[in-house]
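1. Here's my sequence, what's the structure:
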Amino acid sequence: MRDEKKWYVVLTEPQQEILAVWRLHQAGHELFTPIIRKRVKTGRMGRNGQKVTKIVARPMFPGYGFVQAGQDALAIVLATRGVSRVLYDVYQNPVLLPDAAVRAVFSRQIQQQHEWLQTSQFKSGDKVRIEPDGGVYAGMLATVDKVDGKGRVEILLGMIRHSLPADMVAAA
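-> Numbers count the residues shown, from 1 in each chain. Just a heads-up that it's a prediction; the model follows:
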């Protein structure tokens, strides 16, 4: 029987799941936080009188993540900003999940992402506005040039007398 990889269940600070993923990735560790897309109301009304909604990415299990690390690396994981503690059972043993269980959640997430992309509202030629959290491009108007199967949208930003191509993640 082969030695199967195990995943520790870690608790993250409130609303710090995604930041903890990046920080642990920079430290060389893998933290998996499943993400689901939800349609939420923005509180605004559109021109047609309907409520405006947007799609946001949210953790499937808020406050939890799955980290693959050895017992010796667990101290580094716990020292990472955004990670609160390891989840323990009633006998004070760390909760471990089998690799197959975490991979099943991961594959389901990928499947849902592909289904969402098939019904994506972005099509070539659509006019879009980049959201306020879009960095230096925030608030700019653009035209969708291409949509690929990986959730990326290539847009053309209207500049003075020419268009500048840019890659963006669609509704992430």
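2. make it CA atoms for all contacts and neighbour counts henceforth
-> OK.
3. Leaving out sequence neighbours, find the closest residue to Val144.
-> Nearest residue to Val144 in three dimensions, chain neighbours excluded: Ile155, at 4.4 Å (Cα to Cα, 6 or more residues apart in numbering).
4. For the one you found, grab the count of nearby residues.
-> By other Cα atoms under 10 Å, the residues close to Ile155 number 24.
5. State the pLDDT value of it.
-> Ile155 is assigned a predicted lDDT (pLDDT) of 81.
6. what's the following helix or strand after the lengthiest helix in the chain?
-> For the chain, the helix with the greatest residue count under DSSP state H is helix 99-118. Sequence order places strand 127-129 as the next helix or strand after helix 99-118, per DSSP states H and E.
7. mean confidence for that following strand?
-> For strand 127-129, mean pLDDT is 78.
8. List the buried residues of it.
-> Val128 (16 or more other Cα atoms under 10 Å).
9. same question for the longest helix of the chain, mean pLDDT?
-> When pLDDT is averaged over helix 99-118, the result is 80.
10. Off-centre distance for that helix?
-> A distance of 12 Å separates the centroid of the chain from that of helix 99-118, by Cα atoms, centre = their mean, to the nearest Å.
11. which strand of the chain spans the most residues?
-> In the chain, with assignment by DSSP state E, the single longest strand is strand 35-45.
12. CA-only coordinates of that one in PDB, if you can.
-> This file holds the C-alpha atoms of strand 35-45, laid out as PDB (Å, rounded to 0.1, in the frame of the first residue of the first chain):
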ATOM      1  CA  ILE A  35     -14.000  29.100  -4.600                       C
ATOM      2  CA  ILE A  36     -17.600  29.400  -5.800                       C
ATOM      3  CA  ARG A  37     -19.000  32.200  -7.900                       C
ATOM      4  CA  LYS A  38     -22.100  34.000  -6.600                       C
ATOM      5  CA  ARG A  39     -24.300  36.600  -8.100                       C
ATOM      6  CA  VAL A  40     -24.800  39.400  -5.600                       C
ATOM      7  CA  LYS A  41     -26.800  42.600  -5.800                       C
ATOM      8  CA  THR A  42     -24.800  45.800  -6.000                       C
ATOM      9  CA  GLY A  43     -27.500  48.100  -4.600                       C
ATOM     10  CA  ARG A  44     -27.800  50.100  -7.800                       C
ATOM     11  CA  MET A  45     -30.600  50.200 -10.300                       C
END
